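[1] Provide a 3D model corresponding to the input given below.
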Amino acid sequence: MSTDDTARPADPAAIETDAAQRAAKDDESGILSNQYFIHYKDKDNAKRRLAANMPFLLYWCKGTGDTYYPVGLWDNKDFSPKSSVDKSGIVQCRFVTADGDLDNHTVKDAEFQYRVGNGSWSRPVQRKGKYHYIAHSGSSNTMRKINDWNIYPEQIRFALRFDISGVGDSWISEDEYTGSIRMRDSTGDRAWLAAVRHGTTWDDAFGSKATFAPRSWNNDLGKG
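    Just a heads-up that it's a prediction; the model follows:
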């Protein structure tokens, strides 16, 4: 699946809205605050604090859009935004750290791990194709640690940059190419990410839900 690359409209209202969204993407007030924590949205869309080592479903936003896509795999290689994905193919993630809460101080000490469905936990890699992608396979360039991050003011969206073995540092990007989520160096290219959980026990991100679809920020994830 490749998300819509339709050109942005040129009318003044749309340009003003886009500028405001871009300013929101660049907001780094969370880095300066002691009170910013990463939260997830639960099965009732309530906002709850994400704990260290707690599995969650990763959602990714293209650009400054309203749509957040569940992440699966492209060709069993790269992380990929999906219009629909079942529990065997969705990417679960967790921040592995001895700290109890995930705030703007403890995130940098966490190891970011993922698994596909209920598979084994590991660290993602960066794969080189036409561009660089966050990937499940196809490279030995492991994402060793988080070395930069942002937690946005509503404390749901976050962004991550990695120290990657054998290559330079990169952000999980707001861009994709033919369905593969890119890694890019510029702060202006970093993606809005969100955590979602449907289960009610600590180690269950799925609950009774078996398939997952994109969600709107304005009408869904950003509420509650």
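[2] Quickly list what the closest residue to residue 155 other than its chain neighbours is bridged to.
    Leaving aside its chain neighbours, residue 155 sits nearest to residue 39 (5.1 Å; criterion: Cβ to Cβ, 6 or more residues apart in numbering). From N, CA and C alone the C-beta is placed, and that goes for glycine too. Counting by DSSP bridges, residue 39 forms beta bridges with residue 49.
[3] center of this structure - which residue?
    residue 193 (3.1 Å; Cα atoms, centre = their mean).
[4] now that one, which residues is it bridged with?
    residue 60, residue 158.
[5] Let me see the contact set for it.
    Contact analysis of residue 193 by Cβ atoms under 8 Å, 6 or more residues apart in numbering lists 58-61, 157-160, 172.
[6] pLDDT added to those, as a markdown table?
    Formatted as a markdown table, the contacts of residue 193 follow (pLDDT from 0 to 100):
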| residue | pLDDT |
| --- | --- |
| 58 | 98 |
| 59 | 98 |
| 60 | 98 |
| 61 | 98 |
| 157 | 97 |
| 158 | 96 |
| 159 | 96 |
| 160 | 97 |
| 172 | 98 |
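[7] Between the residues you listed, which sits nearest residue 118?
    Nearest to residue 118 among these, counting by Cβ to Cβ, is residue 58 at 15.0 Å.
[8] separation between that closest one and residue 69?
    Residue 58 sits 10 Å away from residue 69 when distances are taken as Cβ to Cβ, to the nearest Å.
[9] Those two: which is more packed in?
    More crowded of residue 58 and residue 69, by other Cβ atoms under 10 Å: residue 69, with 25 against 22.
[10] what's the more buried one sitting at in phi/psi?
    Main-chain torsions, residue 69, degrees, to the nearest 10: phi -100, psi 140.
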